[in-house]
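In: Take this sequence and fold it.
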Amino acid sequence: MSPIKDLCLACEALNKEETFSEGDTITGTVTFTLAKETKVKSVVVKAKGDANVSWSEGSGDDQTTYTAHKRYFKLKEYLVAENSKGTVLPQGLHCFKFRFNIPQGNMPSSFKGFHGRIVYMLEAKVPRGWLRTSQVQKELNFVSKSFLPLSQVMCPQSGSMVKEIGVFSKGQVQISATVNTKVCSPGDTLSVVAEICNSSSKKVKPKFRLEQKTVYRASGSTNSSVKTLCKIVGETIPLNSEETVSCQLTIPANAIPTLQHCEIISVDHYLKVYLDISFAIDPEVVFPLVIVPSSFARGISDFPPPVVSMGPYPAGAIGAPSYSDFPPPAFPIGPYPVPAGSGAYGYPAPVPTQSGTISGCDNQWPQQAPPFGFPTAAPSLMQQQAPTAPPLGEEDPPSYMSLFYPSQDTLGRTGSEHKS
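Out: Alright, predicted model coming up:
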């Protein structure tokens, strides 16, 4: 019977979510009780991060197994120095403190899937020789910060596609779609607008689907799977007609965040806007999305949105600097009307974002959806007004003499004095 009792490994997280990221410090303790005086080879604690994948294809003699491994870091600290002859520890309670600094760099978040996993682990061992070792492990919840694409925060996406209908009908269909963001988190609501021109002899039905694609890689082979997280089906659009439809899809609360920076496992997300056409290949517009953990969603709002332009609409700058420091032009710019009230020159102030109320896959198709804009999500940049010039002043222009004084020669004489 081992004299080592109640071996325990504990660590302290720096946040309430109890997660760790690149560059964080792990501090903790290793405690155990010795029932009697005991000789140990060492007391050691390790921290490591590893990714592993494994799957098999075929059966019997034709079965092939694919495996791959990737290590991201391994740290070790001896709490009792290694000694082949052994170090005697007295009976009673023993408590050792340790401290690790997680390396900087691009490392993937913790992940567990059907054919692979990414695990960050703490491990404490107390070897006593002759294969007599007491050990305990504690898994760390690692959330990568390196994948966050700050340049894409709150940046809308748009795309379009034109497709000729197949052999069984004639004409063509065109679909143009816009989604309000590239980066989101579980619980967020995506606002989508699609403009559909059905110039064919068939009815079409718009559909919106959020997909998650997981890919495992090993020995030059891949094993992939696609999962539908949410789907909405719109009303049928008759032939030879044009319609603008909008919908909202809520990211499921249990959605796995996008997984990057791992050579052997990846998790990507896509929003597909497509038209269901019978006996024809469905035209679709695909938008890549980056789903970040909910704990990161609060930090995204700390970064100002970029200035973006969407199609024929003017570029908007939510939270952009004011133009009040620059003098207004002397004449109106463009066909836009003169704004009313002071401070109207420049871009309008941002409208507070409204929170979505639809969740999960029980989203309902909105009734009487507006032709443009997003009904319950953050206001679209399409809705912002174009810059306009302030009203012209009523003062008379300055005289020529008030701007240019009579020229003087080197003696200080004016032009008329010099001639005389």
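In: is it true that residue 83 touches residue 42?
Out: Yes. Counting by Cβ atoms under 8 Å, residue 42 is a contact partner of residue 83 at 6.8 Å. (C-beta placed from N, C-alpha, C; glycine too.)
In: higher neighbour count, the two?
Out: Neighbour count, other Cβ atoms under 10 Å: between residue 83 and residue 42, residue 42 has more, with 17 against 12.
In: ok, the nearest residue to the more buried one once chain neighbours are set aside - how many residues close by?
Out: Counting by Cβ to Cβ, 6 or more residues apart in numbering, residue 42 lies nearest to residue 82, which is 4.2 Å off, once chain neighbours are set aside. Counted with other Cβ under 10 Å, residues neighbouring residue 82 total 12.
In: Can you dump the C-alpha atoms of stretch 238-256 in CSV for me?
Out: Output of stretch 238-256 as CSV, limited to C-alpha atoms (Å, rounded to 0.1, in the frame of the first residue of the first chain):
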residue,chain,number,x,y,z
PRO,A,238,-42.8,32.9,-58.2
LEU,A,239,-41.3,32.9,-61.7
ASN,A,240,-40.5,36.2,-63.4
SER,A,241,-40.4,38.2,-60.2
GLU,A,242,-38.0,40.0,-57.9
GLU,A,243,-38.0,40.0,-54.1
THR,A,244,-35.9,41.1,-51.2
VAL,A,245,-36.0,38.8,-48.1
SER,A,246,-34.3,39.0,-44.8
CYS,A,247,-33.8,36.7,-41.8
GLN,A,248,-32.0,36.2,-38.6
LEU,A,249,-30.0,33.2,-37.5
THR,A,250,-28.9,32.8,-33.9
ILE,A,251,-25.6,31.0,-33.3
PRO,A,252,-26.4,28.0,-31.0
ALA,A,253,-25.1,28.4,-27.5
ASN,A,254,-23.2,25.1,-27.7
ALA,A,255,-21.5,25.8,-31.0
ILE,A,256,-17.8,24.9,-31.1
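In: What mean pLDDT does that stretch get?
Out: For stretch 238-256, mean pLDDT rounds to 92.
In: Please apply the same query to stretch 41-60.
Out: For stretch 41-60, mean pLDDT rounds to 96.
In: buried stuff in it?
Out: Across stretch 41-60, burial judged by 16 or more other Cβ atoms under 10 Å covers 41-49, 51-53, 55.
In: Equivalent analysis for stretch 236-243, please.
Out: 237, 243.
In: Any stretches of the stretch 51-200 of the chain with poor pLDDT?
Out: Counting by pLDDT under 70, the stretch 51-200 of the chain has low-confidence residues at 147-155, 159-169.
In: redo that, cut-off 50
Out: 152 (pLDDT under 50).
In: May I ask you to confirm that residue 295 belongs to a strand?
Out: No. With DSSP: H, G, I helix; E, B strand; the rest coil as the criterion, residue 295 is located in helix rather than a strand.
In: just use 34 as the starting number from now, easier for me
Out: Sure, I'll start numbering at 34, so the last one becomes residue 328.
In: That one and residue 48 touch, don't they?
Out: Yes. Using Cβ under 8 Å, residue 328 is in contact with residue 48, at 7.3 Å.
In: Comparing those two, which shows the higher neighbour count?
Out: The residue with more neighbours, out of residue 328 and residue 48, is residue 328; 14 against 11, by other Cβ under 10 Å.
In: count of neighbours near residue 114?
Out: Around residue 114 there are 10 residues (other Cβ under 10 Å).
In: what's near enough to touch it?
Out: By Cβ atoms under 8 Å, 6 or more residues apart in numbering, the contact list for residue 114 reads 75, 120.
In: same thing but 10 Å
Out: Going by Cβ atoms under 10 Å, 6 or more residues apart in numbering, residue 114 touches 74-77, 120.
In: Let me know the helix or strand that the spatially closest residue to residue 254 that is not a sequence neighbour is in.
Out: Leaving aside its sequence neighbours, residue 254 sits nearest to residue 99 (Cβ to Cβ, 6+ apart; 5.3 Å). According to DSSP states H and E, residue 99 maps onto strand 97-113.
In: buried set for that strand?
Out: 99, 101, 105, 108, 112-113.
In: again, but for stretch 113-127
Out: Here stretch 113-127 shows 113, 122, 127 as buried, counting by 16+ other Cβ under 10 Å.
In: Residues in a beta bridge with the second one, which ones?
Out: Here residue 122 sits in beta bridges with residue 71, going by DSSP bridges.
In: which residues touch it?
Out: Residue 122 makes contacts with 36-37, 65, 67, 69-73, 76, 113, 159, as judged by Cβ under 10 Å, 6+ apart.
In: Can you flag the buried ones in those residues?
Out: Burial by neighbour count, 16+ other Cβ under 10 Å: within the contacts of residue 122 this picks out 36-37, 65, 67, 71, 73, 76, 113, 159.
In: Using the three-state scheme, assign residue 247.
Out: What three-state DSSP gives for residue 247 is strand.
In: ok, now how distant is it from residue 302?
Out: From residue 247 across to residue 302, the span is 10 Å (Cβ to Cβ, to the nearest Å).
In: tell me, what's touching the two both at once?
Out: In terms of Cβ under 10 Å, 6+ apart, residue 247 and residue 302 are both contacted by the residues 260, 289, 292.
In: residues in contact with the last one?
Out: It refers to residue 292. 84, 141-144, 146, 151, 177, 180, 247-248, 298-302, 324.
In: That one pairs with what?
Out: According to DSSP bridges, beta-bridge pairing links residue 292 with residue 300.
In: Can you list which of the contacts of residue 292 are found in strands?
Out: Taking DSSP state E as the definition of strands, the contacts of residue 292 contribute 84, 144, 151, 247-248, 298-302, 324.
In: buried subset of the contacts of residue 292?
Out: Neighbour-count burial (16+ other Cβ under 10 Å) applied to the contacts of residue 292 gives 84, 141-144, 151, 177, 180, 247-248, 298-302, 324.
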